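>>> Build me a structure from this.
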Amino acid sequence: MKKPLKIFITYAHKNSEAKDELITSLDVLRQNGLIDVWHDNEILPGDRWRDAIFNNLADSDLLLYLTCRYSLASENCNKELTAALNPNIRVIPIILEHCDWQNHQLSDFQALPDKGKPINEWQPESKGWLNVVEGIRKVIEKMPSQAKPSPNVTPDEIETLAYLAFHQGNFMMILGQMDEALKAYSRTIELSPKDAAAHSNRGAAYMSLGKFDKAIVDLSEAIQLNPNDATIYNNRGAAYLQNGDTGLAITDLSEAIRLKPDDVTAYGNRGTAYLQNGDFDKALQDLNKSMKLVPCNARTYNNRGNVYANIGKFDKAIRDYDTAIKLKPNDAQAYSNRGTAYRDKGNLDNAIRDYNTAIKLDSNYSTAYNNRGTAYADKGDLDNAIKDYNTAIKLDSDYANAYYNRGTVYEKKGEIDLAIEDYTKTIKLDSDYVKAYRDRGNVYREKGDFDSAIEDYTKVIQLKPNDVTTYYDRSATYYTKGDFDNAIEDCTKVIQFSPDPAQAYVTRAVVWLYLKKWEKAKSDLITAQNLGMDLIAALHSDYENVADFEQKTGIQLPEDIVEMLTSS
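Sure, this is the predicted structure:
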């Protein structure tokens, strides 16, 4: 008798009601023993939600993706979809509304309801859900039987087949044929689902192919089956690190070190995770420990050089990169990193020479092109800088930093529209890129598009709430626009957050003068003066003298304020 097929539901939480409708509609299939359904509401208190999701996904036969604009934009939904893209899981998009799913990777799959007609267009909607159930029923009927192995195959024979498939996978790994290795390990797992080593090795194969979400699914299963294997924790920590989940990486790598205190790879990986997390002291401790265990590892010297570079110790960084290059002369990354240390130290010629070597060793190294572009920009060679940024972007069309850097060069060249275009592309690729918002705001302000400038400055403040410079720029923009109340509010924020608020007091005083709030203006001018501000010099930064101020603003200043602004 078939065992039930396991269904995993992926959905955006804004579609919880649709998820509940789907579960209700599938209930007859469940009652008939044809399916089991899993979704994230099944996660229990104390469970690690990520492990629960991906472990259950790995064990599923069908992934039903509730498709709408929210799920298409959801990072979690799309990670679950990516993890499901293997021959053992069938993906069925269920279209809830009109959205851009046909330009998404979901477009590769036949959708339900029929012809992709969204659920919200069926009258009543229950007809749409019934159509979905009928489609899923057809799929279940045609899917391969999940009956237990034929009684003609003995347990010993199954064990032998699993053993042979496993070692075939290992052989393919040695040959570098990762796709064939995956097939062999998948066969092992099909025959022996609780084989921790097969899950671990398939996870390693996925890592070699850059499929880190899938690797994490397999490695998590391996840990459940064998929770005392340091290597599996180390590999999953490395996969989390590649995915940018440094907190989870550090947790796994710490467990690997606890289980195997002399695990040099785990120390090196955890040091890198600490580096990415900005915890430079702990990064140095781990990398030093790794060097003590294995003194001549080029990667460890390269990573310790990165730590020193991040804390401004460029000479130490360069010495470590020198050693890394000596140990591994063809390491393009070490040359590029040393070039950046030279650039940050101000030695641009040495920087460009190292970037040239990195590019010679790896002509597709987009980071080296980007970094050389920045060195050219620092030298004032803006045309060569743009050429390098163009190449970096051609090699990696999603390289947000290269778009940003090219935008800054276009801004320097006065090509404002191209600068805005690059800053906008940067923001599209990385919605939290603070510098891109700030610089685009500055360019909009320069163009006289004050509303767009204010919108960008406001986004910077949302991302970086105590950013004094942005409050000041937004205040000046409000002031230029004639929105004096908001200008005063932002000046007040500058005064609150800035360690040197004298200029902000002067700026706010000028706004008070526009509003003819003489006493408030006078109070701010006195405070600025007490903080060491030269009021006459401050006035001359925008106006020739008091008379020029009065003529341009049409405001007649009181005599006591005139005296403050004219007496030395």
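
>>> Pass me the low-pLDDT residue ranges in the stretch 251-400 of the chain, would you?
Counting by pLDDT under 70, not a single residue of the stretch 251-400 of the chain qualifies.

>>> Do a quick rundown of the helices in it.
264-277, 280-293, 298-310, 314-327, 332-345, 348-361, 366-379, 382-395, 400-412 (DSSP state H, counting those that start in this stretch).

>>> Columns mean neighbour count and distance to residue 42 on top of these, output as TSV?
(Glycine included, C-beta is placed from N, CA and C.) Below are the helices of the stretch 251-400 of the chain laid out as TSV (neighbours: other C-beta atoms under 10 Å; distance: least, C-beta to C-beta, whole Å):
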stretch	mean neighbour count	distance to residue 42
helix 264-277	24	30
helix 280-293	19	36
helix 298-310	23	40
helix 314-327	19	48
helix 332-345	24	43
helix 348-361	20	49
helix 366-379	23	42
helix 382-395	19	43
helix 400-412	23	37
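
>>> And the next helix or strand past the helix or strand of the chain with the lowest mean pLDDT?
The helix or strand of the chain with the poorest confidence is helix 49-58; it has a mean of 73 (mean pLDDT, DSSP states H and E). As assigned by DSSP states H and E, the chain's next helix or strand after helix 49-58 is strand 62-67.

>>> what is the orientation angle of that next one with helix 49-58?
Interaxial angle, strand 62-67 versus helix 49-58 (axes from the mean of the first three to the mean of the last three C-alpha atoms, to 10 degrees): 120 degrees.

>>> Run through the neighbouring helices and strands of strand 62-67.
For strand 62-67, the elements it packs on are strand 5-10, helix 16-25, helix 75-84, strand 90-95, helix 125-142, judged by 3 or more C-beta pairs under 8 Å, 6 or more residues apart in numbering; DSSP states H and E.

>>> Where among these is average confidence lowest?
Of all the helices and strands packed on strand 62-67, the minimum mean pLDDT falls on helix 75-84 (a mean of 80).

>>> Ignoring the adjacent residues along the chain, who's closest to the residue most central in space within the chain?
In the chain, the centroid-proximal residue (C-alpha atoms, centre = their mean) is residue 244; its distance is 6.7 Å. In space, and not counting its chain neighbours, residue 244 is closest to residue 276: 7.9 Å by C-beta to C-beta, 6 or more residues apart in numbering.

>>> Kindly report the same for residue 210.
Closest to residue 210 by C-beta to C-beta, 6+ apart is residue 242, at 7.9 Å.

>>> Just say helix, strand or coil for the residue nearest to the centre of the chain.
State at residue 244, reduced to three classes by DSSP: H, G, I helix; E, B strand; the rest coil: coil.

>>> Give me the phi and psi for it.
When read as degrees, to the nearest 10, the backbone of residue 244 gives phi 90, psi 10.

>>> From residue 213, how far out is it?
12 Å (C-beta to C-beta, to the nearest Å).

>>> quick one on the thing from earlier: could the helices of the stretch 251-400 of the chain be laid out in TSV, adding distance to residue 198?
Shown next, in TSV, are those (distance: least, C-beta to C-beta, whole Å):
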stretch	distance to residue 198
helix 264-277	21
helix 280-293	29
helix 298-310	28
helix 314-327	35
helix 332-345	33
helix 348-361	37
helix 366-379	36
helix 382-395	36
helix 400-412	38
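
>>> right, and these - which one's nearest residue 91?
Ranking the helices of the stretch 251-400 of the chain by proximity to residue 91 (C-beta to C-beta) places helix 400-412 first, at 29.1 Å.

>>> Which elements pack onto the following helix or strand past that closest one?
Going down the chain from helix 400-412, the next helix or strand is helix 416-429, by DSSP H and E. Secondary-structure packing of helix 416-429 (3+ C-beta pairs under 8 Å, 6+ apart): helix 400-412, helix 434-447.
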